[in-house]
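Engineer: any chance you can model this:
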Amino acid sequence: MNLNQQAIQLLEANQYDEALELFQEAVRRSRDVQSLTNLAWIYCHEEDEFEKALGLAEEAVGLKPSSHFPYYLQGELYGRLERWEEAKSAWEQALAIHESKTTWHNLAVASYELGKTAEASKQFRCAAGKSDTALYGHAKCLADLGERNAAKQVLATFADEDDDFVGEVEVADLYVEIGAYEEAVYWFAKGWDNYWKQPCWVGRYVFALRELGRTRIAEDVLKEARQLKEVEWQESVEEDCDEDWTPRDKVENLERLRDDMKLYEEISDGYVPALEFGTYLETACYLFGCARHGHPEYQG
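Structural biologist: This is a model prediction of the structure:
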């Protein structure tokens with residue numbers, strides 16, 4: 001069993017400090033593609049030391065590896081540091097060697113963050129499964145591009161029984177964005193009992209109902225959400241502080257709840273909250289020699 005295999009075995013056994021020492025020792029002995037990439041992955045995923053990890057990943061990429069692992073990891077690190085142009089370039093290099101939905105998804109994120117919405121739309125589509133976040137990203141990009149009918153066609157394929165279903169409220173929110181209020185109300189109602197009532201999406205539900213002329217239902221929805229928030233406020237007021245819930249935590253929570261109740265007042269007066277949409281990076285194991293994921297050691 002070589003040094004890398006020993007390190008991974010220790011990592012699997014949750015003997016992290018011992019594993020880290022061996023990964024570091026591997027780099028001290030030989031600064032090759034495998035040792036640099038594996039230590040960079042550890043620094044990234046176990047230590048959150050992104051700058052340190054990036055230096056190692058860049059050194060590994062400088063050796064012009066035949067594997068996509070170093071390029072993918074370099075892209076992930078650039079992405080975590082919000083250096084999107086460099087992340088995009090790294091993921092494009094990774095895809096030139098090996099295609100994966102994870103890399104397509106992250107490339108789409110980089111394109112979206114750079115304002116390259118048409119590119120992002122196609123890339124999200126390459127990453128998409130059934131009713132998942134990547135397909136949702138594709139539909140969101142279509143909506144941003146003004147292609148409302150195309151976005152609506154994509155959203156019509158979403159089914160809540162699919163394993164990776166993005167969520168009822170998320171689907172409803174995007175229907176609101178493209179002006180498809182009947183569909184939006186259907187999905188909001190379907191998810192009503194499953195979601196924490198927050199003013200941003202409740203406000204969009206109320207807006208869709210009002211646009212359909214269902215003002216009484218809109219008022220009932222708003223009334224229920226406000227009452228739940230008032231109960232939450234009272235419970236927070238009465239909650240005792242301890243070492244896990246400090247007076248400062250309590251004050252901050254009450255301020256947040258006060259802001260939420262103020263927002264409900266604005267929604268009652270006609271305010272429509274904006275769609276909340278955020279990108280995120282997907283990740284995976286990119287350790288050379290990881291038996292659990294069937295990764296061979298690097299063969300340069």
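Engineer: what residues does the helix or strand hosting A57 touch?
Structural biologist: Assessed by DSSP states H and E, A57 sits inside helix 50-62. Contact partners of helix 50-62, identified using C-beta atoms under 8 Å, 6 or more residues apart in numbering, comprise 27, 31, 33, 36-37, 39-44, 47, 70-71, 73-74, 77-78, 80-81, 90, 93. C-beta coordinates here come from the backbone N, C-alpha and C atoms, glycine included.
Engineer: helices along the stretch 1-150 of the chain, start to end?
Structural biologist: For the stretch 1-150 of the chain, the helices defined by DSSP state H, counting those that start in this stretch occupy 3-12, 16-29, 33-42, 50-62, 69-80, 84-97, 101-113, 117-127, 133-144, 148-155.
Engineer: now render those helices as a markdown table, adding distance to D193 and mean pLDDT.
Structural biologist: Shown next, in a markdown table, are the helices of the stretch 1-150 of the chain (distance: least, C-beta to C-beta, whole Å; pLDDT from 0 to 100):
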| stretch | distance to D193 | mean pLDDT |
| --- | --- | --- |
| helix 3-12 | 41 | 94 |
| helix 16-29 | 41 | 96 |
| helix 33-42 | 41 | 98 |
| helix 50-62 | 40 | 98 |
| helix 69-80 | 36 | 98 |
| helix 84-97 | 38 | 98 |
| helix 101-113 | 30 | 98 |
| helix 117-127 | 30 | 98 |
| helix 133-144 | 21 | 98 |
| helix 148-155 | 21 | 98 |
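Engineer: tell me how far the closest residue to I217 other than its chain neighbours lies from Q299.
Structural biologist: Once flanking residues are discounted, I217 sits nearest to L209: 5.3 Å by C-beta to C-beta, 6 or more residues apart in numbering. Separation of L209 from Q299 (C-beta to C-beta, to the nearest Å) stands at 60 Å.
Engineer: of these two, give the one with the bigger neighbour count.
Structural biologist: Per other C-beta atoms under 10 Å, whichever of L209 and Q299 has more neighbours is L209, with 23 against 9.
Engineer: and the gap between the more buried one and F188?
Structural biologist: L209 is 8 Å from F188, by C-beta to C-beta.
Engineer: likewise for A134?
Structural biologist: Shown here: A134 relative to F188, a distance of 23 Å by C-beta to C-beta.
Engineer: among these two, which residue is more densely surrounded?
Structural biologist: Higher neighbour count among A134 and F188: F188, with 26 against 23, using other C-beta under 10 Å.
Engineer: pretty sure that one sits against V171.
Structural biologist: No - because the distance of 9.1 Å does not satisfy C-beta atoms under 8 Å, F188 is recorded as not touching V171.
Engineer: now E235: which helix or strand?
Structural biologist: helix 215-238.
Engineer: can you give the distance from that helix to the centre of its chain?
Structural biologist: Put simply, helix 215-238 sits 29 Å off its chain's centre (C-alpha atoms, centre = their mean, to the nearest Å).
Engineer: and that helix, what does it pack onto?
Structural biologist: Under the contact criterion of 3 or more C-beta pairs under 8 Å, 6 or more residues apart in numbering; DSSP states H and E, helix 215-238 touches helix 199-211, helix 247-268.
Engineer: buried ones in the last one, by neighbour count?
Structural biologist: It refers to helix 247-268. Of all the residues in helix 247-268, those buried under the rule 16 or more other C-beta atoms under 10 Å are N253, L257, D260, L263, Y264, I267.
Engineer: rounded mean pLDDT for that helix, please.
Structural biologist: In this model, helix 247-268 carries a mean pLDDT of 93.
Engineer: by how many degrees do that helix and helix 215-238 diverge?
Structural biologist: Counting by axes from the mean of the first three to the mean of the last three C-alpha atoms, to 10 degrees, helix 247-268 lies at 170 degrees to helix 215-238.
Engineer: for helix 247-268, list the C-alpha coordinates in CSV.
Structural biologist: These are the backbone C-alpha positions of helix 247-268, laid out as CSV (Å, rounded to 0.1, in the frame of the first residue of the first chain):
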residue,chain,number,x,y,z
PRO,A,247,-29.5,37.5,24.1
ARG,A,248,-27.9,38.8,20.9
ASP,A,249,-29.3,35.8,18.9
LYS,A,250,-32.7,36.7,20.3
VAL,A,251,-32.5,40.4,19.5
GLU,A,252,-31.4,39.6,15.9
ASN,A,253,-34.2,37.1,15.4
LEU,A,254,-36.8,39.6,16.7
GLU,A,255,-35.4,42.2,14.3
ARG,A,256,-35.7,39.8,11.4
LEU,A,257,-39.3,38.9,12.4
ARG,A,258,-40.1,42.7,12.7
ASP,A,259,-38.8,43.2,9.1
ASP,A,260,-40.9,40.3,7.9
MET,A,261,-44.0,41.7,9.5
LYS,A,262,-43.3,45.1,7.9
LEU,A,263,-42.9,43.4,4.6
TYR,A,264,-46.3,41.8,5.0
GLU,A,265,-47.7,45.3,5.5
GLU,A,266,-46.1,46.4,2.2
ILE,A,267,-47.5,43.4,0.4
SER,A,268,-50.9,44.2,1.7
